Structure formats: structure tokens, C-alpha cells
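[1] Next input, structure requested:
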Amino acid sequence: MKIGILQTGHAPDEIRPTHGDYTDFFQRLLGGQGFTFATWSVVDGTFPESPDDADGWLITGSKHGAYEPLPWIAPLENLIRAIRAAGKPMIGICFGHQIIAQALGGKVEKFSGGWSIGRQPYHIDGQTHHINAWHQDQVTQIPPNAEVIGHNDFCANAVLTYGDQILTLQPHPEFDPDTIRGLITHRGRGIVPEVQLDAAERTLNVPLDTAAIATRMAAHFKAPR
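    Predicted coordinates:
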């Protein structure tokens with residue numbers, strides 16, 4: 001099964017030599033599941049010709065806001081709607097979660113409650129999973145036909161499904177502790193409150209539930225439709 005990765009941002013320059021870019025994070029997360037991958041860097045203006053260029057689609061995180069007037073946002077929203085119309089399975093992570101919601105009629109805003117950084121508990125379908133987060137924006141109004149299946153005290157609309165076709169998550173299962181450490185150092189200092197960065201650093205060695213989330217993502221792509 002060919003997964004098309006729509007890359008909407010880049011990892012910090014300082015960590016790319018050792019960790020790769022965002023598309024590499026997802027290939028590691030979903031490795032061993034029988035997928036092949038192709039990447040379109042939509043943040044740099046490169047788009048697939050049609051939804052049929054892949055069997056399933058994944059939209060990455062980004063430092064940008066879904067509501068920003070960037071030249072690639074509207075074409076990406078059009079592509080999201082075309083993928084949905086074509087019946088292809090799709091997953092969105094963080095910015096991907098937000099841009100899918102916005103494209104399908106929801107609302108994304110800079111959250112007045114501030115940032116969520118590092119290892120956080122998410123209650124998903126009655127189970128608690130600990131996953132890394134890195135965001136201030138949130139989906140504050142879900143689209144029609146979307147269902148909330150995951151949340152925590154900070155983020156009410158953390159995991160959404162749209163029937164059996166689309167799954168989106170606000171947290172970052174593809175971010176390992178070293179990634180969070182790099183983001184703290186190269187993107188967090190001076191922007192995110194120090195108390196939150198320090199708290200995130202204290203949990204870098206605490207286990208995460210990313211394997212369970214990766215299994216769920218893979219099952220979503222492979223499910224018969």
C-alpha cells in the first residue's frame with residue numbers, strides 16, 4: 001500500500017542531520033507495516049496531481065497555522081476535499097488534524113489557554129495513552145459529521161474521526177524524546193513558557209504509547225472500505 005505524505009513543515013535545521021525531516025519521522029513510525037511512501041512537500045508548493053497518486057494519505061505537522069494566508073493553504077484544503085470525495089483513507093497529525101478540520105467546515109484558532117508541550121495523557125476510546133504534544137493552535141469547532149473519540153483536560157477535540165475514512169490526532173506520535181528535546185532547544189526557548197519546557201524535559205525518559213498509536217494508524221489505512 002502506497003502512503004502519500006503531504007509535508008506541511010520542516011523539522012528544525014539543527015536536528016535534521018541526525019533525525020531527518022518530518023516525513024522521515026512518519027516512515028519510522030509506520031515502518032514494518034508493509035507500506036511504501038511518497039512525499040509531496042506542499043509547504044514548498046509541490047502537490048500530487050490527484051488523490052489517485054497514493055492509496056492513502058497522511059498530513060504532517062507544521063510550525064504554521066492553518067488559518068495563515070499562505071499560498072499553499074487553499075490548494076491543500078482543495079486536495080483534502082478531493083481525497084475525501086475519492087474515498088481514500090486519510091490521517092492528519094497536529095497541523096494535519098487542524099487543516100483537515102478547517103477544510104471540512106471546522107474552526108482552528110490559537111488557543112487562549114496556551115501551549116501543550118511534551119508527554120501528555122489522551123483519553124481515546126476509553127483508554128489512556130501518553131503521547132508527545134507540541135502545539136498552541138487547536139480545533140475549537142469540529143466539522144459536521146466529525147466525531148470526537150479522544151480528548152484531555154487541555155484539548156477537548158484531540159482525536160477526531162470522519163466515518164471510517166479519516167482519522168486525525170492533535171498530538172505527535174511520531175515525535176520521540178530526542179525530537180522533543182531538539183524542539184525545546186531550537187524552537188521552544190523564548191516562545192514557550194520556561195516552566196512548561198522544564199516540565200517536558202523532566203518526562204523525556206518516561207515511556208510513551210506511540211507503538212499502540214502507530215498500530216491504530218496502520219489499521220486505519222489497511223481497513224477494508
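[2] Tell me, what's the model's pLDDT at the residue nearest the centre of the chain?
    Per CA atoms, centre = their mean, the C-alpha nearest to the average position across the chain is that of Ile93, at 1.2 Å. The model reports Ile93 with a pLDDT of 98.
[3] What residues are bridge-paired with it?
    Taking DSSP bridges as the rule, Ile93 bridges to Leu169.
[4] and the next element down the chain from the helix or strand bottoming out on mean pLDDT in the chain?
    Sorting the helices and strands of the chain by mean pLDDT, DSSP states H and E puts helix 16-19 at the bottom, at a mean of 94. As assigned by DSSP states H and E, the chain's next helix or strand after helix 16-19 is helix 22-29.
[5] Identify the neighbouring strands of the next helix or strand after that following helix in the sheet and state each direction.
    Of the helices and strands lying after helix 22-29 in sequence (DSSP H and E), the nearest is strand 36-40. Using DSSP bridges, the strands paired with strand 36-40 in its sheet are strand 2-6 (parallel).
[6] what's the strand it pairs with in contact with?
    Defining contact as CB atoms under 8 Å, 6 or more residues apart in numbering, one finds that strand 2-6 is touched by 23, 26-27, 30, 35-40, 42, 48, 53-60, 76, 79, 96, 221. (Each C-beta comes from the backbone N, C-alpha and C, glycine too.)
[7] same deal with stretch 41-58?
    With CB under 8 Å, 6+ apart, stretch 41-58 has contacts from 1-10, 26, 38, 40, 62, 64, 71-72, 75-76, 79, 82-83, 85-86, 88-93, 96, 221.
[8] Likewise for stretch 77-87?
    Residues outside stretch 77-87 that contact it (CB under 8 Å, 6+ apart): 6, 42, 47-48, 50-52, 57, 59, 90, 99-100, 102-104, 162, 165-166, 225.
[9] residue ranges of the strands in the protein, please?
    Under the criterion DSSP state E, the chain carries strands at the ranges 2-6, 36-40, 56-59, 90-93, 107-110, 116-124, 127-135, 137-141, 147-151, 159-162, 166-169.
[10] Run the angle between the second one and helix 22-29 for me.
    Going back to what we said before, that points to strand 36-40. On the basis of axes from the mean of the first three to the mean of the last three CA atoms, to 10 degrees, strand 36-40 is oriented at 160 degrees to helix 22-29.
[11] list the buried ones in strand 36-40?
    Phe37, Thr39, Trp40 (16 or more other CB atoms under 10 Å).
[12] Can you give the contact residues for that strand?
    If you take CB under 8 Å, 6+ apart as the criterion, strand 36-40 is touched by 1-7, 23, 26-27, 46-48, 53-54.
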